[in-house]
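Undergrad: Structure of the sequence below:
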Amino acid sequence: MTIEVRSVRRHDLPILKLMIRENIEYLNAIDEPEEMSDATIDQIEGLVFGPSPLCSVLIAELDREVAGYLLYFLGVDMDEVAPALHINDLFVRVDAHRKGVGRALMHKVREIAVAHSAAVLDCLAQELAGHRVLPGARRQSLG
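TA: Residues are numbered from 1 along each chain as shown. Sure, this is the predicted structure:
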């Protein structure tokens, strides 16, 4: 099994939108359902590829098949008064669970955080890749 993690490309948009929908369906199955329209999901294109991108997405491929994504953005942590990398979403497709895809995405985003001199890696999501994130695990000091 080979896992490759890379930045999202514009041609990945259809599969990224499909995975966002799969993630919403998964979360709705385990928690209170929330509706999200296709028009809302379509806004991801402008957020990632617009003239002033507000977030970035990593794509994981398992044996050359798209297996998951991680959405993050750079910002500031006011507790440390320092640069921070915030993870907003991490999703691994069911058939890729327990194959190292989530770990590979987290490893890559940590490298990106260090490259940007982030002092904090912050998880804004309640769930990552189908696992509830415990409050103490949502914030990691990198400095």
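Undergrad: gap between residue 45 and residue 17?
TA: Distance of residue 45 to residue 17, computed by C-beta to C-beta, to the nearest Å: 9 Å. Bear in mind the C-beta positions are built from the backbone N, C-alpha and C, glycine included.
Undergrad: Next: residue 97.
TA: 21 Å.
Undergrad: same deal with residue 85?
TA: Residue 85 is 23 Å from residue 17, by C-beta to C-beta.
Undergrad: neighbour-wise, which of the two wins?
TA: residue 85 (25 against 15; other C-beta atoms under 10 Å).
Undergrad: Pull out the buried positions in the helix or strand hosting the more buried one.
TA: Secondary structure assignment for residue 85, by DSSP states H and E: strand 82-92. By neighbour count on 16 or more other C-beta atoms under 10 Å, the buried set for strand 82-92 is 83, 84, 85, 86, 87, 89, 90, 91, 92.
Undergrad: buried residues in the strand ranked longest in the chain?
TA: Determined from DSSP state E, the single longest strand within the chain is strand 65-77. Going by neighbour count (16+ other C-beta under 10 Å), the buried part of strand 65-77 is 66, 67, 68, 69, 70, 71, 72, 77.
Undergrad: Can you check the pLDDT for the fifth one?
TA: It stands for residue 70. Turning to residue 70, the model gives it a pLDDT of 96.
Undergrad: picking up where we left off before, for the longest strand of the chain, the distance to its chain's centre please.
TA: 3 Å (C-alpha atoms, centre = their mean, to the nearest Å).
Undergrad: about what we covered before: any idea which of the buried residues of strand 82-92 is closest to residue 28?
TA: Set against residue 28, the nearest of those by C-beta to C-beta is residue 91 (13.4 Å).
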